[in-house]
Structure formats: C-alpha cells, structure tokens
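Q: Pasting the sequence and the predicted coordinates here, then a few questions.
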Amino acid sequence: MKTYHGSCHCGRITFSITTSIDKVVECNCSICSKKGTLHHRVAPEQFSLLEVTESLSLYQFDTKEAKHYFCKECGIHPFSNPRAEPNMYSINVRCLDDFNLEKEEYETVKFDGRNWEEAVAKLNEQLSSNK
C-alpha cells in the first residue's frame, strides 16, 4: 500500500489515503458523469482529512444517503461517502496530486449508475474481489 495526497483545486481541502489503487470505478449516473469522477473506495482508517476549512461543503440529493463533499470556493468534489457503501470514502482519483492516470496501472470498472439498483450488487462483488 502507498500513501497518496489529494486536494481540491484551490488547496483549502487536503487529504491523504493509504491504499493500493488497482481499480477505479467510472459511474454513468447523473452526478458522477457531470463531475467526471473516477472513484476509488477506502475504509475510514485509510482516509485522513488534513486541511479542512469552512470551504468544505456537502451536497445531497434523492435518497440523501450519499454525501458528496465539495469545496465551495473552487467547486471541486474530492471525495464522498457513497450510497453503495456509506461508511466508506469514495475518493475522486482525479483529485490525487501524486497519482498519474496516464502512467499508473489499474483496471477501470464501469458502473451503470443510471440503473443503480440492478448494478450495485455486481459492483460490490467486483470491488471486493482480489482483496
């Protein structure tokens, strides 16, 4: 496992995660596709919020189970607590400062978030394999 550092664009929200990024999830739901998020889940003990200011804000919709955190200064969404696993953190891999999407080796798992109910069990199974 490696420790990665991430932030919003303006740097008012910084965090670190300790994990092995072998899979990222690309979701086609309404919010993820508009944000361009690439997800990687970590347990709470693998996530550290390093710098947080009053800029950290929360957005929720529909069932209000998922918690989408964003910076109200720059608008970037660095992480969330996903509806599929609300006790986990879903990191937006695009917000990691030391993970190069072009050079790293990882599998991209497609998630049909537009058909969430049908797709969530399959996703959880895919993410739990190879642990």
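A: Arrived safely. Numbers count the residues shown, from 1 in each chain.
Q: can you pull out the helices in this protein?
A: 30-35, 116-128 (DSSP state H).
Q: if you compare those helices, which one is most tucked away?
A: helix 30-35 (a mean of 15; mean count of other Cβ atoms under 10 Å). All C-beta spots, glycine's among them, are computed from the backbone N, C-alpha and C.
Q: what's the neighbour count on Glu105?
A: 6 (other Cβ atoms under 10 Å).
Q: Please report the distance of the closest residue in space to it that isn't next to it in sequence from Ala84.
A: Distances taken as Cβ to Cβ, 6 or more residues apart in numbering put Asp22 closest to Glu105, at 8.0 Å, once the chain neighbours are dropped. Note on Asp22: its distance to Ala84, by Cβ to Cβ, to the nearest Å, is 18 Å.
Q: Looking at the two, which one has more neighbours?
A: Neighbour tally, Asp22 and Ala84, criterion other Cβ under 10 Å: the higher count belongs to Ala84, 22 against 12.
Q: who's in contact with the more buried one?
A: Val120, Leu123, Asn124 (Cβ atoms under 8 Å, 6 or more residues apart in numbering).
Q: Tabulate these (CSV), appending distance to Glu65 and pLDDT.
A: Below are the contacts of Ala84 laid out as CSV (distance: Cβ to Cβ, whole Å; pLDDT from 0 to 100):
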residue, distance to Glu65, pLDDT
Val120, 11, 79
Leu123, 15, 74
Asn124, 15, 70
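Q: which among the residues you listed gets closest to Ile76?
A: Each of the contacts of Ala84 was checked against Ile76 using Cβ to Cβ; the closest is Leu123, at 24.1 Å.
Q: Check what pLDDT the closest residue to that closest one other than its chain neighbours gets.
A: Nearest non-adjacent residue to Leu123, counting by Cβ to Cβ, 6+ apart: Phe111, 5.1 Å away. On pLDDT, Phe111 comes in at 89.
Q: cool, and Lys131?
A: On the pLDDT scale, Lys131 gets 49.
Q: Mind giving me the packing neighbours of the lowest-mean-pLDDT helix or strand in the chain?
A: Least confident element among the helices and strands of the chain, by mean pLDDT, DSSP states H and E: helix 116-128 (a mean of 76). Identification of packing neighbours for helix 116-128 by 3 or more Cβ pairs under 8 Å, 6 or more residues apart in numbering; DSSP states H and E yields strand 23-27, strand 107-111.
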